[in-house]
Structures are given as C-alpha cells and as structure tokens.
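[1] Build me a model from this:
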Amino acid sequence: MWLFKKPGKEPEPEELFQKYFSFLVEQYDFTYAHWCYTSGKVIVNLGIGHVSPRVFVAYAGEPDFTEVVLHRIIQYFGGKIPKIYYSDHPIEYNIRFVAERFREYAPRIVDHIDDWWIPVHKFQYELTKKEYEESGQLNDFLSSYKRDYDYLKTKGAI
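    Predicted coordinates:
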C-alpha cells in the first residue's frame, strides 16, 4: 500500500489549453490547430511561459505585429484581471484562470472585433507613449513604435 500518491503524468500545456478553451469551438465555431484557434475574423494564439499562459488575439488579414495580448483588451474594455502570481499555482490552474477571463469577455472579443480592434490599438499606443514620456524617453518611443504609428495612421486613428 502506498502512503503517498504516486505521481501521474501531468497533462501537457497544449492539452490544457484545448480543454479550457474548448468553448471557442463549441460556442463560437472556431477551429483548433496547434496552439491556435481561428474563426473567420478572429485568431487566438496561445503560448506558455514558465507557468504563465500567453493569450494573444489577432484580426485575420492584419499584420502579425498587431496581435494584442488578452489583458490589454480587457483593460481597454474597462475590466480588470484579478492579480495573480502565476508562479504560486500549477500550470493547469493558471490556464483555467485565463480561460475563464477570456470566456467572460468572449462575446465582445469575438462578435464585435470590428468595434474595438482599432480603438484598442490606439489605447495601447497612447498608454505606452505616456509611460515613455513620463520616463523621459519619448524619442525612443517615437522611433521604436513607428510601425504602430503608421498602422494607426493608415486606419485613420491618428
């Protein structure tokens, strides 16, 4: 008889993403292929750090550099992601936590991407610009984020 539970095989992060983000397939008709969910307009790219899930949203047909991290979208919507120290939790908990936040905002993210796509980029650009400006590095910002500026300009946002 074992006094301690024998360690079993932990699910791989990709399996956990598929498990907890399956609502995208079931409710929003996304398809899944190796770390990526896609629909007609929306692409959700997934990744993993040491124990922290990475979720990026992209608009199909737009340049790769325009994908936006999930927490920035939620911040733009006026929401907040509760503070979590990912290293204090197992990877499954962390993926489930992020999936629950995504699910909460999924109707707006998925169904209304045309309404928020450019405004979230302008929000992100202005927020980053302010941070650089406050630290006395505005010139560094202007040169480093020229591509973002040009993108927003072509979209009529600047």
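[2] Break this structure down into its structural domains.
    By the assignment in automatic domain parsing, the chain contains the domains 13-111, 116-158.
[3] For the chain, give me the ranges with low pLDDT.
    The chain contains residues with pLDDT under 70 at 1-8.
[4] where along it do the helices fall?
    Secondary structure of the chain (DSSP state H): helices at 13-20, 23-28, 70-76, 91-111, 113-134, 138-144, 146-154.
[5] nearest to residue 41, of those helices?
    helix 113-134 (5.5 Å; C-beta to C-beta). C-beta: built from backbone N, CA, C; applies to glycine.
[6] and the direction of the closest one versus that of helix 91-111, what angle?
    Here helix 113-134 runs at 120 degrees with respect to helix 91-111, directions being taken by axes from the mean of the first three to the mean of the last three C-alpha atoms, to 10 degrees.
[7] relative to helix 146-154, how tilted is helix 113-134?
    On the basis of the same axes, to 10 degrees, helix 113-134 is oriented at 130 degrees to helix 146-154.
[8] Out of the helices of the chain, which is closest to residue 82?
    Of these, nearest to residue 82 by C-beta to C-beta is helix 91-111, at 8.5 Å.
[9] Against which helices or strands is the closest one packed?
    Judged by 3 or more C-beta pairs under 8 Å, 6 or more residues apart in numbering; DSSP states H and E, the packing partners of helix 91-111 are helix 13-20, helix 23-28, strand 42-48, strand 53-59, helix 70-76.
[10] contacts for the last one?
    Looking back up the chat, that one is helix 70-76. 55-57, 80-81, 98, 101-102, 105, 109, 116, 119-120, 123-124 (C-beta atoms under 8 Å, 6 or more residues apart in numbering).
[11] Any buried residues in that helix, and which?
    70, 72, 73, 74, 75, 76 (16 or more other C-beta atoms under 10 Å).
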